[in-house]
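S.K.: Predicted structure and sequence below. I'll ask about it afterward.
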Amino acid sequence: MLDTKLLSEVKSFVFESFKKELSSQIVYHTFKHTEEVVNAAYEIGQAENISENDLEILLLAAWFHDIGFIKSFENHEESSKDIATKYLIEKDFNAAKIAEVCKIIDATKMPQNPKSKLDNIICDADLYHIGTESFREKSNLIRSEWESCSGEIFTDIEWIEQNEDFISNHAYFTNYAFDKLQHQKTQNWLKTKKDLRKAISKKEEADSKSKLKKADLKRKKEKAERPERGIETMYRVTLRNHIKLSDIADTKANILLSVSAIILSIALSTLFPKLDKPDNYYLIYPTLFFIIITVITMIFSILSTRPKVTSGKFTKDDIAKKKVNLLFFGNFNKMPLKDFQDGMQEMMNDRDYLYKSLMKDLYFLGIVLEKKYRLLRIAYNIFMIGIIVSVIAFIVAFEYMKNG
């Protein structure tokens, strides 16, 4: 590399400036990048056979082209020119050459628009990494720096799309850079397109999963929040309780029937044969009373468990007017299957009709339960009072016999 005292001093000055003043947010346009651009500019300048004087101007511009980042992220080229001008004036550098250095720095502005051979060289040197295997690594650093300094956040797809568009529209200006870097640049472009397809596919897959997850959460939320869930639970629990109460009533009636039947059979087999003897005439009235009470108890027990089935018929007009409760078998047991299916379909399609049918079913089941327990209570009261009176009657009859 061209080694002059001025270039050595500039290198030290740029190094110290970056070291002391560069923000930690700047992770790509650092001293390392500047040094890489200087080396690339020297390499391309040598290959393009520029003069030593032009090479010095080119390298000075390369050293200073990004030093403006220590001042600001936006329009850093203007700051770079100011710093370079001030430094070179202090070094008594030729004014015309200083102007040339600033002109070359201007050429690095994006989008690139070089106007001279030296401009072409520094433009190719500044974007040298596009044609190297380190392109992806450098691109990630540029993304991080851009997001930190500008506050603009890119998705993976947005950033890859920008890279793909940038590479496809980029062209090297010097023959040397084109010959050396174009092949790898093409490979980088193809890899970027592949990365873009993967990113899009990944996003579509994630979006699909997200939509399914959101739909599932929405469905679960709606299912949990909809009032029908609580209503259905209420009907289910209430109907189950009514059915249990009905079973209990039937069990109690069966117990009373069994006990009464046993008592009646004992009375008929034990007491009745003794009533035809004159000595046992005092047992006639207590025994008859006892048997009558037992029979009445059995009658009320039977009444409490006796089923009642309605006609089992209904018309389509009844369904249209929502008069019939299709949930009770007694309302459809004599109807054709087709009519019943049509009626059920009509009810299931009409939520209001369905809930009213459930209400009717619950209401009439309650009416039946009330009748069951009322008759059962009468039967138990008759049985209880009858047993007490019968015992008293037998005691009185025995006392009468002894005293008589």
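M.R.: Sure, I can see it.

S.K.: How is the protein partitioned into domains?
M.R.: By the assignment in automatic domain parsing, the chain contains the domains 5-213, 228-403.

S.K.: Redo those domains as TSV? Include mean pLDDT and distance to residue 220.
M.R.: (Glycine included, C-beta is placed from N, CA and C.) Listed next are those as TSV, based on pLDDT from 0 to 100; distance: least, CB to CB, whole Å:
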stretch	mean pLDDT	distance to residue 220
domain 5-213	93	11
domain 228-403	74	11
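
S.K.: Out of the ones you listed, indicate the one that is most buried.
M.R.: Each of the domains of the chain was assessed for mean neighbour count using mean count of other CB atoms under 10 Å. The highest is domain 5-213, with a mean of 17.

S.K.: Quick check: end-to-end length of it?
M.R.: End-to-end distance of domain 5-213: 67 Å, with CA to CA, to the nearest Å as the criterion.

S.K.: Please name every helix or strand in contact with the longest helix anywhere in the chain.
M.R.: Using DSSP state H to define each element, the chain has its longest helix at helix 351-403. If contacts are counted by 3 or more CB pairs under 8 Å, 6 or more residues apart in numbering; DSSP states H and E, helix 351-403 sits against helix 227-266, helix 284-305, helix 337-349.

S.K.: Out of these, the one nearest residue 363 is which?
M.R.: Proximity to residue 363, assessed across those by CB to CB, is greatest for helix 227-266 (10.3 Å).

S.K.: quick revisit: can I get the helices and strands packed on helix 351-403 in TSV with distance to residue 394?
M.R.: Putting the helices and strands packed on helix 351-403 into TSV (distance: least, CB to CB, whole Å) gives the following:
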stretch	distance to residue 394
helix 227-266	13
helix 284-305	5
helix 337-349	58
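
S.K.: can you tell which of these is closest to residue 384?
M.R.: Each of the helices and strands packed on helix 351-403 has some distance to residue 384 by CB to CB; the shortest is helix 284-305, at 9.2 Å.

S.K.: Can you give the contact residues for that closest one?
M.R.: 249-250, 253-254, 256-257, 260-261, 263-264, 267-268, 271-272, 275, 371-373, 375-376, 378-379, 382-383, 385-387, 389-390, 393-394, 396-397 (CB atoms under 8 Å, 6 or more residues apart in numbering).

S.K.: go on, stretch 177-187?
M.R.: Under the contact criterion CB under 8 Å, 6+ apart, stretch 177-187 has outside partners 44, 124, 128, 130-133, 135, 167, 170-172.

S.K.: Is it possible to get JSON lines of those that adds distance to residue 347?
M.R.: As requested, the contacts of stretch 177-187 are exported to JSON lines (distance: CB to CB, whole Å):
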{"residue": "44", "distance to residue 347": "86"}
{"residue": "124", "distance to residue 347": "81"}
{"residue": "128", "distance to residue 347": "79"}
{"residue": "130", "distance to residue 347": "72"}
{"residue": "131", "distance to residue 347": "76"}
{"residue": "132", "distance to residue 347": "75"}
{"residue": "133", "distance to residue 347": "73"}
{"residue": "135", "distance to residue 347": "70"}
{"residue": "167", "distance to residue 347": "67"}
{"residue": "170", "distance to residue 347": "72"}
{"residue": "171", "distance to residue 347": "75"}
{"residue": "172", "distance to residue 347": "79"}
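
S.K.: List the contacts of residue 255.
M.R.: With the criterion set at CB under 8 Å, 6+ apart, residue 255 makes contact with nothing.
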